[in-house]
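Participant: coordinates for the following, if possible.
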Amino acid sequence: MIGNSDATKDSIHIIDFGLSRCYRNQENFHIPYAEGKTLTGTSRYASLNAQLGVDQSRRDDLEAIGNMLVYFAKGTLPWANLFGKTKAEQ
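Facilitator: I've put the predicted structure just below:
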């Protein structure tokens with residue numbers, strides 16, 4: 001998104017609420033660590049923990065942003081052309 005007022009017209013805002021969720025539970029505690037989850041999103045930009053089945057949280061957002069910045073700077077990701085014989089290798 002690009003700002004729409006004089007104060008924000010030169011600002012770019014990156015948003016995507018399609019896969020968002022609360023990271024705090026009803027008691028206002030951080031959601032518990034969990035494994036065995038399926039990957040949600042694009043694996044090429046997903047964090048390593050997300051690809052390994054760890055429940056995603058704010059740390060994964062930071063890693064995904066880093067992956068996007070690498071893509072923006074280089075035009076490709078270093079692992080973009082790596083292929084595996086099985087789904088697990090991929």
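
Participant: residue closest to the middle of this structure?
Facilitator: A64 (3.7 Å; CA atoms, centre = their mean).

Participant: remind me, longest helix of this protein?
Facilitator: If you go by DSSP state H, the chain has its longest helix at helix 58-74.

Participant: residues contacting the residue nearest to the centre of the chain?
Facilitator: G41, Y45, A46, S47 (CB atoms under 8 Å, 6 or more residues apart in numbering). Yep, even glycine has a C-beta here, placed from its N, CA and C like the rest.

Participant: ok, the second one - contacts?
Facilitator: Think Y45. A64, N67, M68, Y71, L77.

Participant: try it again with 10 Å
Facilitator: By CB atoms under 10 Å, 6 or more residues apart in numbering, Y45 lies in contact with E63, A64, I65, G66, N67, M68, V70, Y71, L77.

Participant: then the first one?
Facilitator: G41 is in contact with D16, G18, L19, S47, A50, Q51, Q56, D60, A64, counting by CB under 10 Å, 6+ apart.

Participant: three-state assignment of it?
Facilitator: In three-state terms, and counting by DSSP: H, G, I helix; E, B strand; the rest coil, G41 is coil.

Participant: phi and psi next, for it.
Facilitator: Per-residue torsions, G41: phi 110, psi -170 (degrees, to the nearest 10).

Participant: ok, back up a step: nearest to T8 among the contacts of A64?
Facilitator: Y45 (26.1 Å; CB to CB).

Participant: which residues does K9 contact?
Facilitator: Contacts of K9 (CB under 10 Å, 6+ apart): I2, G3.

Participant: in helices only, show me the contacts of G41.
Facilitator: Those of the contacts of G41 lying in helices (DSSP H): A50, Q51, D60, A64.

Participant: now the two most distant members of these.
Facilitator: Q51 and A64 (11.1 Å).

Participant: export stretch 51-71 as PDB, just CAs?
Facilitator: Below are the C-alpha coordinates for stretch 51-71, written out as PDB (Å, rounded to 0.1, in the frame of the first residue of the first chain):
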ATOM      1  CA  GLN A  51       8.900 -25.500   6.700                       C
ATOM      2  CA  LEU A  52       9.900 -28.000   9.500                       C
ATOM      3  CA  GLY A  53       6.300 -27.900  10.900                       C
ATOM      4  CA  VAL A  54       6.800 -25.600  13.800                       C
ATOM      5  CA  ASP A  55       3.800 -23.400  14.500                       C
ATOM      6  CA  GLN A  56       4.500 -19.900  13.100                       C
ATOM      7  CA  SER A  57       4.800 -16.800  15.200                       C
ATOM      8  CA  ARG A  58       6.300 -13.300  15.100                       C
ATOM      9  CA  ARG A  59       9.900 -14.700  14.700                       C
ATOM     10  CA  ASP A  60       8.800 -16.300  11.400                       C
ATOM     11  CA  ASP A  61       7.500 -13.000  10.100                       C
ATOM     12  CA  LEU A  62      11.000 -11.400  10.600                       C
ATOM     13  CA  GLU A  63      12.600 -14.300   8.800                       C
ATOM     14  CA  ALA A  64      10.100 -14.100   5.900                       C
ATOM     15  CA  ILE A  65      10.700 -10.300   5.600                       C
ATOM     16  CA  GLY A  66      14.500 -11.100   5.400                       C
ATOM     17  CA  ASN A  67      13.800 -13.600   2.600                       C
ATOM     18  CA  MET A  68      11.800 -10.900   0.700                       C
ATOM     19  CA  LEU A  69      14.500  -8.400   1.200                       C
ATOM     20  CA  VAL A  70      17.100 -10.800  -0.300                       C
ATOM     21  CA  TYR A  71      14.700 -11.300  -3.300                       C
END
